[in-house]
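Colleague: Let's see this in three dimensions:
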Amino acid sequence: MTELQQNFKSISERMQRNFSEKEHLFHYPPCVVPAWETIINKMIERVEEWNANNPENHHLRFFQIKEKFGHLTVYLEPVNGSGVVETPDEIRKEINTLAKEANRLCRICGAQKVETVHDSRVQYRCLDHYDTGERWRIREC
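Modeller: Numbers count the residues shown, from 1 in each chain. Take a look at the predicted model:
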């Protein structure tokens with residue numbers, strides 16, 4: 001059993017505490033997937049950095065951080081009343097790149113997935129959890 005599996009509940013609770021402390025950065029509370037904690041924290045740091053380095057009329061927040069079809073999906077939005085219509089490409093691309101990194105991590109143990117062929121399809125899977133039904137149930141949204 002990995003450290004992630006042993007500490008799943010405490011990591012989930014820690015993520016929820018951290019998200020509540022940074023409530024101003026979220027329109028909706030983010031999905032809690034302990035294997036993705038590091039990636040989500042990097043995204044939060046990047047948005048905080050963006051907001052610190054840009055004038056107030058260009059501040060952003062997360063509209064949603066969620067799991068959709070097994071992938072980390074992130075939507076950014078301008079802070080209400082900021083006058084910005086679209087999210088700048090620079091930050092949007094950085095956040096999407098980080099989200100893609102999360103898709104290569106096993107949500108059960110946090111290990112890097114490897115490229116496999118399953119039912120004639122190329123997929124990325126953790127070899128330890130290759131055929132378990134667990135992979136779709138590891139989240140709190």
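
Colleague: Now for Ala99: which residues touch it?
Modeller: Neighbouring residues of Ala99 by CB atoms under 8 Å, 6 or more residues apart in numbering: Ile39, Met43, His71, Leu72, Thr73, Val74. For the C-beta atoms, the positions are set from N, CA and C on the backbone; glycine is no exception.

Colleague: burial count for Ser10?
Modeller: 10 (other CB atoms under 10 Å).

Colleague: sorry, back to before: I'd like to know which of the contacts of Ala99 are part of strands.
Modeller: The strands, defined by DSSP state E, take in His71, Leu72, Thr73, Val74 from the contacts of Ala99.

Colleague: circling back to that earlier point, would you mind checking the contacts of Ala99 for buried ones?
Modeller: Buried members of the contacts of Ala99, counted by 16 or more other CB atoms under 10 Å: Ile39, Met43, Leu72, Val74.

Colleague: quick one, helices of this structure?
Modeller: Counting by DSSP state H, one finds helices in the chain at the ranges 3-6, 8-21, 37-53, 89-102.

Colleague: Select, out of those, the one closest to Cys109.
Modeller: Across the helices of the chain, Cys109 has its closest neighbour in helix 3-6 (5.6 Å, CB to CB).

Colleague: Can you list the buried residues in that closest one?
Modeller: If you call a residue buried by 16+ other CB under 10 Å, then helix 3-6 has these buried ones: Leu4.
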